[in-house]
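J.: Predicted model and sequence follow; I will ask about them next.
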Amino acid sequence: MDASAGINHINGLPMELLCNILWLANSPWRPQRDLCRLSLVCRLWWEWIESSALFWTYISAEDGPTYVSRALEKSKDAPINLHYPKRGSLDMTLEAFLVEAGPHIARWRSLAAAIHPSSPVSWESTFAALTTTPAPSLKTLDLRLSDRSRWTSPGIIVLFGGAPAAPSLENLYLKRIPVAIEPLRLSGLTSLTLTRVVTISTLELFEILRASPGLETLRLEENTGLAAVEPRPSAVEPIELPKLRYLTVQLIDHGAANCLLSTIRIPNRRHISFCANISSINARSVLFTPSISHLLHVQPTVVPALDSEPWNIKVEPVDDDACRIELRGVVLDLGVAGEDQIQDILGWVAEGLGSEAPECPVHLKVAWSTMDIARVAAVPAPLVVRHLSIYENLFGRLPDSFYVAMSQPPESTSSGWPLAQLECLSVGFNTMDPQRELIALLQSRYGNPASPSGTEPRCPTSLRSVELRGQPITEGLVDEIKGILGEVNVFWA
């Protein structure tokens with residue numbers, strides 16, 4: 001079949017169906033480029049594109065002022081999607097773009113606009129349409145100010161002339177834009193992202209959440225207006241968010257975070273990302289209280305979708321003052337005051353999991369850190385470290401306390417060998433020296449060396465597998481390790 005015959009068969013489809021197919025092939029970010037390509041296929045396609053308003057509803061400033069004017073005209077009465085991209089060096093300023101689109105605000109279905117650091121703007125003139133006129137068809141509003149931008153607003157910004165947001169508004173994204181939230185009377189949202197928005201209060205946030213039971217994504221980052229509220233969360237009626245899948249809470253007031261997490265109920269959540277610096281507070285009394293332990297529990301049908309090891313608790317110290325803890329789709333990125341505070345949070349995890357805690361093995365991941373890994377590994381009962389991973393370039397460079405604790409028998413007054421129930425060991429190499437050090441450690445720990453008194457205990461051999469990673473792949477290393485450990489699965493990954 002030649003190309004012309006193929007086109008004829010395609011053109012035999014109903015016009016409405018073919019137009020929808022062609023529209024789906026049109027990029028919302030560079031619509032002019034794609035429309036040009038489609039128009040060059042044949043005259044029929046050119047005629048359809050020129051005459052159909054559907055093809056002109058994605059309007060990006062990246063295509064320049066001529067195309068923007070043409071698209072606004074050819075889209076006729078159809079709802080339009082406006083996009084002003086993040087990158088600078090455009091032929092059209094944000095002010096010119098929105099001034100051009102302003103008279104069509106009744107047709108705006110979405111507006112995504114980024115304010116560049118190199119493009120100072122006047123809020124009054126640039127966003128005149130948004131501040132003075134309702135947008136009755138608006139479904140998505142995305143306004144973001146670059147982190148590097150020196151632009152400052154004249155004060156609190158009131159949208160839509162003080163009128164409530166349209167009931168059609170489902171997705172709201174604001175970054176560093178001090179919009180007055182209360183007049184919008186937001187409800188029915190599907191997605192809400194607020195980053196460094198100083199104008200949102202905790203009570204206003206709760207009102208939005210109660211009015212948006214269909215919310216699927218919530219992201220809150222560095223919003224200084226959020227604070228703890230009275231009465232405490234125990235006296236506040238829970239907010240049910242059965243459709244919420246993704247929750248991000250980063251660097252907001254500890255009390256506000258506790259209020260939020262204590263109040264919402266998200267039984268079908270898939271991913272929670274939480275970031276906070278807890279080094280200067282009593283985290284168990286201020287933030288990680290029993291009232292937020294419900295976040296650790298998920299529906300059985302959700303668990304398989306979380307990750308490949310949904311029941312593992314992954315613990316990774318970072319540098320000398322941070323730690324990442326992951327379990328069941330919850331990621332805690334915490335600034336901490338040493339090993340004891342990590343154990344404190346793991347204690348909260350164990351209490352929150354309750355009877356399920358013994359079924360959740362701890363996977364200790366050792367990246368570059370000056371913390372005492374042996375102390376981090378002493379997790380509170382009933383948690384047990386069963387998997388230890390040491391990243392490439394690190395074995396042989398960890399603090400001496402780690403090797404001493406791992407290779408020497410415990411004192412009679414101690415509670416026993418560190419990592420006595422370790423089942424999986426994963427070690428990365430980049431030179432020969434760490435490989436020899438691993439052999440020495442395993443020999444000291446598991447090799448049952450003879451002692452003058454004959455009383456030195458041998459660490460129980462609970463290991464089931466040893467994974468070796470990196471280079472060089474040394475011949476005989478696997479057999480040498482098996483000679484120490486016996487029937488243990490040793491392999492290069």
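T.: Noted; the coordinates are in hand. Remember, predicted model here, so these are calculated numbers, not experimental data. Residues are numbered from 1 along each chain as shown.
J.: so where do the strands sit in the stretch 301-450 of the chain?
T.: Taking DSSP state E, counting those that start in this stretch, the strands of the stretch 301-450 of the chain run over residues 313-318, 322-327, 330-335, 362-366, 385-390, 424-429.
J.: Residue 48: which of those is closest?
T.: strand 330-335 (47.7 Å; Cβ to Cβ). Just so you know, the C-beta spots here come from the backbone N, C-alpha and C atoms, and that holds for glycine as well.
J.: The strands of the stretch 301-450 of the chain into TSV, with extra columns for mean pLDDT?
T.: Compiled in TSV, the strands of the stretch 301-450 of the chain are given as follows (pLDDT from 0 to 100):
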stretch	mean pLDDT
strand 313-318	95
strand 322-327	96
strand 330-335	97
strand 362-366	94
strand 385-390	94
strand 424-429	92
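J.: could these go into JSON lines alongside distance to residue 181 and mean neighbour count?
T.: Shown next, in JSON lines, are those (distance: least, Cβ to Cβ, whole Å; neighbours: other Cβ atoms under 10 Å):
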{"stretch": "strand 313-318", "distance to residue 181": "35", "mean neighbour count": "22"}
{"stretch": "strand 322-327", "distance to residue 181": "32", "mean neighbour count": "20"}
{"stretch": "strand 330-335", "distance to residue 181": "27", "mean neighbour count": "18"}
{"stretch": "strand 362-366", "distance to residue 181": "40", "mean neighbour count": "21"}
{"stretch": "strand 385-390", "distance to residue 181": "44", "mean neighbour count": "21"}
{"stretch": "strand 424-429", "distance to residue 181": "48", "mean neighbour count": "20"}
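J.: do you know which of the ones you listed lies nearest residue 71?
T.: Between the strands of the stretch 301-450 of the chain, strand 330-335 lies closest to residue 71; by Cβ to Cβ that is 41.4 Å.
J.: for the residue nearest in space to the middle of the chain, helix, strand, or coil?
T.: Centroid check for the chain by Cα atoms, centre = their mean gives residue 273 as the closest residue, at 5.5 Å. Under DSSP: H, G, I helix; E, B strand; the rest coil, the three-state class of residue 273 is strand.
J.: do the same with the one 3 residues further on
T.: Three-state secondary structure (criterion: three-state DSSP) places residue 276 in strand.
J.: any idea how far the closest residue to it other than its chain neighbours lies from residue 486?
T.: Among residues not flanking residue 276 along the chain, residue 334 sits closest, at 6.1 Å (Cβ to Cβ, 6 or more residues apart in numbering). According to Cβ to Cβ, to the nearest Å, residue 334 and residue 486 sit 39 Å apart.
J.: Tell me who's in contact with the residue nearest to residue 276.
T.: 275, 276, 277, 278, 322, 323, 324, 325, 341, 345 (Cβ atoms under 8 Å, 6 or more residues apart in numbering).
J.: Contact partners for the second one?
T.: Read it as residue 276. By Cβ under 8 Å, 6+ apart, the contact list for residue 276 reads 250, 251, 252, 254, 257, 287, 333, 334, 335.
J.: per-residue confidence for it?
T.: Listed pLDDT for residue 276 reads 98.
J.: Redo the strands of the stretch 301-450 of the chain as CSV? Include distance to residue 144.
T.: Shown next, in CSV, are the strands of the stretch 301-450 of the chain (distance: least, Cβ to Cβ, whole Å):
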stretch, distance to residue 144
strand 313-318, 28
strand 322-327, 27
strand 330-335, 22
strand 362-366, 33
strand 385-390, 37
strand 424-429, 39
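J.: right, and those strands - which one's nearest residue 106?
T.: For residue 106, the closest of the strands of the stretch 301-450 of the chain is strand 330-335, at 42.2 Å, according to Cβ to Cβ.
J.: Tell me which strands the closest one pairs with, and in which orientation.
T.: Within its sheet, strand 330-335 is paired with strand 271-277 (parallel), strand 322-327 (antiparallel), according to DSSP bridges.
J.: Let me have the ones you listed in a markdown table, extended by distance to residue 351.
T.: Formatted as a markdown table, those follow (distance: least, Cβ to Cβ, whole Å):
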| stretch | distance to residue 351 |
| --- | --- |
| strand 271-277 | 17 |
| strand 322-327 | 13 |
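J.: Of those strands, which is nearest residue 387?
T.: strand 322-327 (12.8 Å).
J.: That closest one to strand 362-366, inter-axis angle?
T.: Going by axes from the mean of the first three to the mean of the last three Cα atoms, to 10 degrees, strand 322-327 is angled at 150 degrees with respect to strand 362-366.
J.: ok so residue 467 is a helix residue?
T.: No: under three-state DSSP, residue 467 falls outside any helix and is assigned strand.
J.: contacting residues around it?
T.: The contact partners of residue 467, taken as Cβ under 8 Å, 6+ apart, are 424, 425, 426, 427, 491, 493.
J.: ok, so what distance separates it from residue 490?
T.: To residue 490, residue 467 is 8 Å away according to Cβ to Cβ.
J.: what does residue 256 give?
T.: Using Cβ to Cβ, residue 256 is found at 50 Å from residue 490.
J.: between these two, which one's more packed in?
T.: Taking neighbours as other Cβ atoms under 10 Å, residue 256 and residue 490 compare with residue 256 leading, 22 against 19.
J.: Could you point out the helix or strand that follows whichever strand or helix holds residue 124?
T.: Assigned by DSSP states H and E, residue 124 belongs to helix 123-126. Following helix 123-126 in sequence order, the next helix or strand is helix 128-132 (DSSP H and E).
J.: And for that next one, what's in contact with it?
T.: Against helix 128-132 from outside (Cβ under 8 Å, 6+ apart): 98-99, 101-103, 105, 111, 123-124, 157-161.
J.: Give me the packing partners of the following helix or strand past that helix, helices and strands only.
T.: Toward the C-terminus, helix 128-132 is succeeded by strand 140-145 as the next helix or strand (DSSP H and E). Judged by 3 or more Cβ pairs under 8 Å, 6 or more residues apart in numbering; DSSP states H and E, the packing partners of strand 140-145 are strand 108-115, strand 171-175.
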